[in-house]
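Chemist: the following comprises the amino acid sequence and a computationally predicted model.
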Amino acid sequence: MNRARHRPFFPVAPSAEVFGELAITPRAIPTTLADLRQAATANRPDVVAAQCTVEASRRTLDLACAQRSRDVNVTGAYQCIGATIR
């Protein structure tokens, strides 16, 4: 029986070289309960969606208030019909 060798679907380099430096900057971890609650609330998708809905509603209200005022347009026209005055 002839068995096929296992080959990966992607080419594998025999060795890899890394250029440059890997700089990792640690983030500050909240330590108080109030900070932890605030960070957890800010990252919840339903809270973020609700905040976006509130902002959209505020902008819609601003637009409705702006549409209440009238637009003032001033136009002028001049027309001469017939013979010119000599």
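Modeler: On my side now, so go ahead.
Chemist: how far away is Ile81 from Arg27?
Modeler: For Ile81, the distance to Arg27 equals 79 Å [C-beta to C-beta, to the nearest Å]. Every C-beta, even on glycine, is put in place using the N, C-alpha and C of the backbone.
Chemist: ok, the residue most central in space within the chain to Ala39 distance?
Modeler: What sits nearest the mean C-alpha location of the chain, by C-alpha atoms, centre = their mean, is Cys52, with 10.7 Å. Cys52 sits 19 Å away from Ala39, going by C-beta to C-beta.
Chemist: any buried residues in the lowest-mean-pLDDT helix or strand in the chain, and which?
Modeler: Scoring the helices and strands of the chain by mean pLDDT, DSSP states H and E places helix 33-42 at the bottom, with a mean of 88. Buried residues in helix 33-42, defined by neighbour count with 16 or more other C-beta atoms under 10 Å: none.
Chemist: so for the residue nearest to the centre of the chain, what's the pLDDT?
Modeler: Looking at Cys52, its pLDDT stands at 95.
Chemist: just the angle between the strand or helix carrying it and helix 33-42, please?
Modeler: Assigned by DSSP states H and E, Cys52 falls within helix 45-68. On the basis of axes from the mean of the first three to the mean of the last three C-alpha atoms, to 10 degrees, helix 45-68 is oriented at 70 degrees to helix 33-42.
Chemist: name the residues that touch helix 45-68?
Modeler: With contact meaning C-beta atoms under 8 Å, 6 or more residues apart in numbering, helix 45-68 is reached by 41-42.
Chemist: quick one: low-confidence parts of this protein?
Modeler: Low-confidence segments of the chain (pLDDT under 70): 1-14, 18, 84-86.
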